[in-house]
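Asker: Need coordinates for the below:
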Amino acid sequence: MTFKNEGGCRKKGAFLRIRYHFLTTVLFIEPAIRRSVTMGDKKGGGIERIGKKDYQKELFRLQLELIKLQEWVKAQGLKVVVIFEGRDAAGKGGVIKRITQYLNPRVVRVAALPAPTERQKTEWYFQRYVNHLPAAGEIVLFDRSWYNRAGVERVMGFCDEDEYDEFMRSCPMFERMLIRSGTMLIKYWVSVSDDEQLKRFKARLDVPHKRWKLSPMDLESLTRWEDYSEAKDIMFAHTDTKQSPWYVVNSEIKRHAHLNCINHFLSLIEYDDLTPAPIKLPKREKARGYVRPPMSEQTFVPSHHEGLM
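Answerer: Model (predicted):
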């Protein structure tokens, strides 16, 4: 199991070049964009955005690479954990969706845990997350994770001071234990500004298919921006370690975040192309005279489409 150097891309001429700030591991995009759209920001400047066609082309290329990585993880028996944390509406789910779109759910699965039950509240804090860790040949993407304690639980008062302090002490040790056991641990913080977060919240109000994403906790977070900022900064101070660093994904523009994060994820793990060779389909066997029951005896779903034609 080998992690690639943090600053390097896998292939020469890569569409994206990863650059690191000298203080934090923020991912920046430096796109070689032929078609782009300039969007004005609140200060009157412009933000260059990748065009839709270029985005879709590069995204699909990266998704093909993810399939190669998936097959390598399965063949080598690797265990990979990827954590996605960030504010509400930062875009965690969007990145996860693009990663898993063409992957095998038996190899790559998402763990998005609900609030703990009364019984789970009495357990060792990490216990309910341990149950979702990968076996050999698996990748698990945590859509929020044990870092709930350092974020929402801290800000909203769902844990006391002793529980919070214990988490900050034990979390680095827990993660070192995972890494020593042979698990690859990758942590992403998906970052968004307060203005962009508010914009996305308002957009969810306007579309019925996204309104379910607005929970009472999301609305409460709007009034606690600085509290969450402080909680995040303290969390980084304790858990952004050499063995298990945080990688910050700038998600102000969703398309950029998708490409940056997937490209970076691929760059962290050495893998070979184990894409299966083309398969020749066998010929159907000759009929043996078996007579099937009449189709009229089966219950078919109604032909809803006919009313639309």
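
Asker: buried sites along the helix or strand hosting residue 195?
Answerer: Using DSSP states H and E, residue 195 maps to helix 194-206. Buried positions in helix 194-206, judged by neighbour count with 16 or more other CB atoms under 10 Å: 196, 197, 200, 201, 204. All C-beta spots, glycine's among them, are computed from the backbone N, C-alpha and C.

Asker: So for the fourth one, what's the nearest residue that isn't a sequence neighbour?
Answerer: If the residues on either side of it in the chain are set aside, residue 201 comes closest to residue 89, at 5.9 Å by CB to CB, 6 or more residues apart in numbering.

Asker: from memory that neighbour sits against residue 191, does it?
Answerer: No: Residue 89 is not in contact with residue 191 according to CB atoms under 8 Å; the separation is 11.8 Å.

Asker: Settle it for me: which of those two has more neighbours?
Answerer: residue 89 (23 against 20; other CB atoms under 10 Å).

Asker: So the more buried one: helix, strand or coil?
Answerer: On the three-state scheme (DSSP: H, G, I helix; E, B strand; the rest coil), residue 89 is labelled coil.

Asker: Spit out the contact partners of it.
Answerer: 192, 197, 200, 201, 204, 213, 218 (CB atoms under 8 Å, 6 or more residues apart in numbering).

Asker: separation between the last one and residue 141?
Answerer: I take that to be residue 218. 21 Å (CB to CB, to the nearest Å).

Asker: for residue 110, same thing?
Answerer: 5 Å.

Asker: ok, now residue 277?
Answerer: From residue 277 to residue 141 the distance is 29 Å (CB to CB).

Asker: Please enumerate the strands of the stretch 51-200 of the chain.
Answerer: Using DSSP state E, counting those that start in this stretch, the strands found in the stretch 51-200 of the chain span residues 79-86, 108-111, 138-143, 183-191.

Asker: Outside of the first one itself, list whatever touches it.
Answerer: With CB under 8 Å, 6+ apart as the contact definition, strand 79-86 has outside contacts at 73, 92, 95-96, 133-145, 147, 151, 178, 182-192, 251, 265, 269.

Asker: Convert that strand to PDB, retaining C-alpha atoms only.
Answerer: Taking Å, rounded to 0.1, in the frame of the first residue of the first chain, the C-alpha atoms of strand 79-86 are listed here in PDB:
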ATOM      1  CA  LYS A  79      -8.800  -1.000   2.900                       C
ATOM      2  CA  VAL A  80      -9.600   2.600   2.200                       C
ATOM      3  CA  VAL A  81     -11.600   5.100   4.200                       C
ATOM      4  CA  VAL A  82     -12.400   8.500   2.800                       C
ATOM      5  CA  ILE A  83     -14.000  11.100   5.100                       C
ATOM      6  CA  PHE A  84     -16.000  14.000   3.800                       C
ATOM      7  CA  GLU A  85     -16.700  16.800   6.300                       C
ATOM      8  CA  GLY A  86     -17.700  20.400   5.800                       C
END
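
Asker: Give the buried residues for that strand.
Answerer: 79, 80, 81, 82, 83, 84, 85, 86.

Asker: Just want the angle from that strand to helix 194-206.
Answerer: 90 degrees (axes from the mean of the first three to the mean of the last three CA atoms, to 10 degrees).

Asker: so what strands line up beside strand 79-86?
Answerer: strand 138-143 (parallel), strand 183-191 (parallel) (DSSP bridges).

Asker: which non-adjacent residue is nearest residue 120?
Answerer: With CB to CB, 6+ apart, the residue lying closest to residue 120 is residue 128, at 5.1 Å.

Asker: chain center to the helix holding residue 195: distance?
Answerer: 20 Å (CA atoms, centre = their mean, to the nearest Å).

Asker: likewise stretch 173-180?
Answerer: The answer for stretch 173-180 is 21 Å, by CA atoms, centre = their mean.

Asker: For the stretch 201-309 of the chain, give me the ranges with low pLDDT.
Answerer: For the stretch 201-309 of the chain, no stretch has pLDDT under 70.
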